[in-house]
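> predicted model and sequence follow; I will ask about them next.
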Amino acid sequence: MKSMTNLLVVGGTGRNIGKTTFVEMLLARFSQHINGLVALKTSMLMPGEEYLHGNHKLIKPGEFELFGEKDYNGTKDSQRYLKAGASKSYFLSVGDGAVNRAMDYFWEKAGSTTPVIAESNVLSNYFIPGLFIMVKGIQQAKPQAQRLLQKADVIVPEMDIEYFRRVVDGIDFGSGTWV
């Protein structure tokens, strides 16, 4: 696994538990101090899990699509990231077996040393981010999410905005590294 200290990853044990809200809070805080801060949302939709991913489409194994968001007026996560302060916002939909190639392509677009805040449950399986935060819902997590909880540097409870605020205030970025 490749170390990417300029990457902060926020994952979660389920849907609608506050991952995007947490990312927005991070972006709002750090976009004031970091020029060129980039947001990334990833989706790796596996067959049979379509119901877990809203209206994301199934990407075939080995394939990926990277979409650069331009529209600030909307409710998609990538649009919310722009409103929160990201200089650029991307949505990466990736099929099984394509994460490394997809991220190589993303880093070409974003810049390999650019500070990135990503909402993703898949990236920490392929990279060692500078910081990995999991939002833990009250519902039982599926086995993959349970494994991610064990890897997390920080675990925050579902939609606990005060706790979110304290964690966000305790994060820093310096010398190309999230801590």
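Yep, that arrived.
> and the residue nearest the centre of the chain, its phi and psi?
Nearest residue to the geometric centre of the chain (Cα atoms, centre = their mean): Glu119, 1.5 Å. Here is the backbone geometry of Glu119 (degrees, to the nearest 10): phi -100, psi 110.
> and it, what are its bridge partners?
Beta bridges link Glu119 to Val10, Lys41 when assigned by DSSP bridges.
> what's the distance between it and Thr20?
Glu119 sits 6 Å away from Thr20, going by Cβ to Cβ, to the nearest Å. Placement of C-beta: from N, CA and C, glycine included.
> from the chain's centroid, how far away is the helix or strand containing Val168?
For Val168, the element it lies in under DSSP states H and E is helix 161-169. Taking the mean of its C-alpha atoms, helix 161-169 sits 17 Å from the chain's own mean (Cα atoms, centre = their mean, to the nearest Å).
> average pLDDT for whichever helix or strand comes after that helix?
Per DSSP H and E, the first helix or strand lying C-terminal to helix 161-169 is strand 173-174. For strand 173-174, the mean pLDDT works out to 96.
> contacts for the helix holding Val168 next, please.
18, 21-22, 25-26, 29, 133, 154, 156-157 (Cβ atoms under 8 Å, 6 or more residues apart in numbering).
> so Ile34 sits right up against Phe173, yeah?
Yes - at 6.1 Å, Ile34 and Phe173 qualify as touching, with contact defined as Cβ atoms under 8 Å.
> what residues do these two have in common as contacts?
Counting by Cβ under 8 Å, 6+ apart, the contacts common to Ile34 and Phe173 are Pro115.
> which of those two has more neighbours?
The residue with more neighbours, out of Ile34 and Phe173, is Phe173; 21 against 16, by other Cβ atoms under 10 Å.
> and stretch 159-167, how far out from the chain middle?
17 Å.
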